[in-house]
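Trainee: Turn this into a structure:
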Amino acid sequence: MLDENAYRNAYTEVNPLQCVFERAILCRCCGCEHAIKRNIAEREAAGCLNAPAHALCVELKKALRLAAAFTFKLAHPDEPLPHTKELKLQCGGLLGVERVLMPEATGPVANIFGILSAAAEQYGSLASLPYQEIVHAIHAYEPRPRRK
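Mentor: Numbers count the residues shown, from 1 in each chain. From the prediction side, this is the model:
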């Protein structure tokens, strides 16, 4: 059995820049040119190789959490989300951003950084994105059902 504190210490040491959209990367609904997957003990982790790209992702995730607070019925947008809601936020949010840019897009987001760069360029900043449309994608996203 692995000591959870030892795991967290090893995680921080091996993966200093944790991917903001780690769950989306690990469940394979998204990919990114700057993501790196690592195995720590029997678990999988995703990190980021580019600090500016990481900062862009942090900015988007904060905006997605604020925009989706009502949808998730959050009294405090900063509180941690359960796993399923976090998946909806990450996968649904990124799919929503991609569909705002390319309405014909279907399937997984191939490159998170590419989509965010294109969105920032087209809208001037991530703050200017049409979050009402993106929240619809978050609400509509359904993670894979659990195996029984």
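Trainee: Report the contact partners of residue 21.
Mentor: Applying CB atoms under 8 Å, 6 or more residues apart in numbering, we find residue 21 in contact with 30, 32, 46, 57, 61, 90, 94, 112. Any C-beta I mention is one placed from the backbone N, CA and C, and that applies to glycine too.
Trainee: So which of these are in strands?
Mentor: Among the contacts of residue 21, DSSP state E puts residue 46 in strands.
Trainee: residue ranges of the helices in the chain, please?
Mentor: Along the chain, counting by DSSP state H, helices occupy 4-14, 22-26, 51-68, 83-87, 93-101, 112-123, 131-140.
Trainee: Show me which parts of the fourth one are buried, residue by residue.
Mentor: Translated: helix 83-87. Neighbour-count burial for helix 83-87, counted by 16 or more other CB atoms under 10 Å, picks out 85, 86, 87.
Trainee: show me where pLDDT drops low in this structure?
Mentor: Applying pLDDT under 70 to the chain picks out residues 1-2, 148.
Trainee: ok, and the closest non-adjacent residue to residue 29?
Mentor: residue 91 (4.0 Å; CB to CB, 6 or more residues apart in numbering).
Trainee: check contacts around that neighbour.
Mentor: Taking CB under 8 Å, 6+ apart, we find residue 91 in contact with 23, 24, 27, 29, 30, 141, 143.
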